[in-house]
Each structure stands twice: as C-alpha cells, then as structure tokens.
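A.B. asks: sequence below, structure please.
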Amino acid sequence: MNTTEISESPSRQRRKEARPAELMAAALELFVERGFTATKLDDVAARAGVSKGTLYLYFASKEELFKAVIQQGILPVLDQGEEMLSQFQGDAGALLEAMLLRWWEMVGSTHLAGITKLMISEAGNFPEVAQFYYENVIVRGRGLIRTVLERGIASKQFREMDVETAIDVILAPQMMFTIWRHSLGPCDCGKQDPEAYLKTHMNLLLNGLLTGEKKK
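C.D. replies: Model (predicted):
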C-alpha cells in the first residue's frame, strides 16, 4: 500500500481536533492560577501535554491564546443572553433575574470567573488584551442589562432611573463576589454561601427596581 494513501487513524484525528480546546483549558487554568504575566506558553503546552511547537500551530502568541479563551468560554454565554433577550416573554424583573443567574451558572461559578480578577489586576500592563475584553465582554454585557432596564422602564415595571449608573450597581455585587472567590476566598478568609449571596442580591435588586405596586 502506498504510504501517501494511508490516512491518519480516527484516534489521531480526534487528538488533533481536541488540541485547541485542551490548550485553551490549560491556559485558563494557568491564567487564573498565576495571572497573565506569569503564565508562560511553555507551561501551557506542558499542562496540555503537548510541545510548545504544537501550541504555536494553533496560537501565535499568549495574547491570541487569551483572546481564544474569551471567545470560546465567555462570548457564547453572551450569545445565549442575547437569544434569551429576544425570546423572553415574561416581565422585565424575571428576565433580569434569569440573565444574572445564567451568567453566574455559566461564568461566575466556574474557572472563567477568575478572568475578572485577572483583568482588574493586569489590564494596565496589557492594553490590547484589556481593550479586547472591554469591547467583547463588558460592552456586550452592559448592553444586555441596558436593554432589560429600558424595557422595564418603558412598561412601567421599573421606576425611572439613571440607567448607566444602575448597570454599574447591578453588576458590582457579582463582580465583587467573583473577585473574593479568586483572592481571599482560597485563603479561608471568611466563607460566603453563593446561593444565599445571590438570593439576597436578587431580593435587594428587584425591590429597588420595581415600582411600588410590583414589589415583592
């Protein structure tokens, strides 16, 4: 048989197809554990069980690898949020709660939440990476919340408010909780129950937004 006609075995093909995902998973672990600066591509390759040369077949730089982690891990969650926004038929309060809880389930409670702390601590040193995160995650996330608030105000479910400031206030508690979990949390410096935290956040948030007759 001519060796040029021999195709790769299915297991080898699957291995090649799996490599980008494995590399991104390894990169996420290391970014969260060590930060962006301290993470070396050699370490990512070693964690994924491939050579550095193999890593470069898929990602030309650490910045490109970081962007891929965001694109594959966080952007699909925002896609889901936009889909939810377009299809949801309930009231604005229920929609806002569903979106925030979905974000927590898909990002906040996972390793992806460590990206928040990473960006806050290292954005100044890597402006290109920070700009990518801002434009693709923060701007889109704020847009989702803005649309829900405007929908609630228009339907008289929410009271009149400064929408842009309200977005900051709504997002801050979950952001602070994720930072805590990836900084002081592992040091056992005070434990917080995510379920109780989120329940309290939603209760205070919705009772602050809803008009008097709709408060729970």
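
A.B. asks: domains of this structure?
C.D. replies: Under automatic domain parsing, the residue ranges defining each domain of the chain are 3-65, 74-214.

A.B. asks: next secondary structure after the least confident helix or strand in the chain by mean pLDDT?
C.D. replies: Taking all helices and strands of the chain together, the one with the lowest average confidence (mean pLDDT, DSSP states H and E) is helix 10-34, at a mean of 75. Following the chain from helix 10-34 toward its C-terminal end, the next helix or strand by DSSP states H and E is helix 41-48.

A.B. asks: in that next one, which residues are buried?
C.D. replies: For helix 41-48, the buried set under the neighbour-count rule, 16 or more other C-beta atoms under 10 Å, comprises 41, 43-45, 47-48. Every C-beta, even on glycine, is put in place using the N, C-alpha and C of the backbone.

A.B. asks: can you list the residues you listed in CSV and add pLDDT and distance to Phe31?
C.D. replies: Output for these, formatted as CSV (pLDDT from 0 to 100; distance: C-beta to C-beta, whole Å):
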residue, pLDDT, distance to Phe31
Leu41, 94, 12
Asp43, 95, 11
Val44, 95, 9
Ala45, 93, 14
Arg47, 94, 11
Ala48, 93, 13
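
A.B. asks: got CSV for those, with distance to Arg146 too?
C.D. replies: Output for those, formatted as CSV (distance: C-beta to C-beta, whole Å):
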residue, distance to Arg146
Leu41, 38
Asp43, 39
Val44, 36
Ala45, 41
Arg47, 38
Ala48, 38
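
A.B. asks: mean pLDDT lowest where, among the domains of the chain?
C.D. replies: Set side by side, those give their lowest mean pLDDT on domain 3-65, at a mean of 80.

A.B. asks: and that domain, how far out from the chain middle?
C.D. replies: Taking the mean C-alpha point of domain 3-65 and that of its whole chain, the gap between them comes to 21 Å (C-alpha atoms, centre = their mean, to the nearest Å).

A.B. asks: list the helices and strands the helix or strand containing Thr116 packs on?
C.D. replies: Under DSSP H and E, the secondary-structure element containing Thr116 is helix 114-122. With contacts defined as 3 or more C-beta pairs under 8 Å, 6 or more residues apart in numbering; DSSP states H and E, helix 114-122 has these neighbours: helix 10-34, helix 127-133, helix 163-181.

A.B. asks: and with 10 Å instead?
C.D. replies: helix 10-34, helix 62-73, helix 127-133, helix 163-181 (3 or more C-beta pairs under 10 Å, 6 or more residues apart in numbering; DSSP states H and E).

A.B. asks: residues of it that come out buried?
C.D. replies: By neighbour count with 16+ other C-beta under 10 Å, helix 114-122 contains the buried residues 114-119, 122.

A.B. asks: could you dump these into JSON lines and include distance to Ile179?
C.D. replies: Putting those into JSON lines (distance: C-beta to C-beta, whole Å) gives the following:
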{"residue": "Gly114", "distance to Ile179": "9"}
{"residue": "Ile115", "distance to Ile179": "11"}
{"residue": "Thr116", "distance to Ile179": "6"}
{"residue": "Lys117", "distance to Ile179": "5"}
{"residue": "Leu118", "distance to Ile179": "10"}
{"residue": "Met119", "distance to Ile179": "10"}
{"residue": "Glu122", "distance to Ile179": "13"}
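
A.B. asks: out of the residues you listed, who's nearest Gln174?
C.D. replies: In terms of C-beta to C-beta, no member of the buried residues of helix 114-122 lies closer to Gln174 than Thr116, at 9.1 Å.
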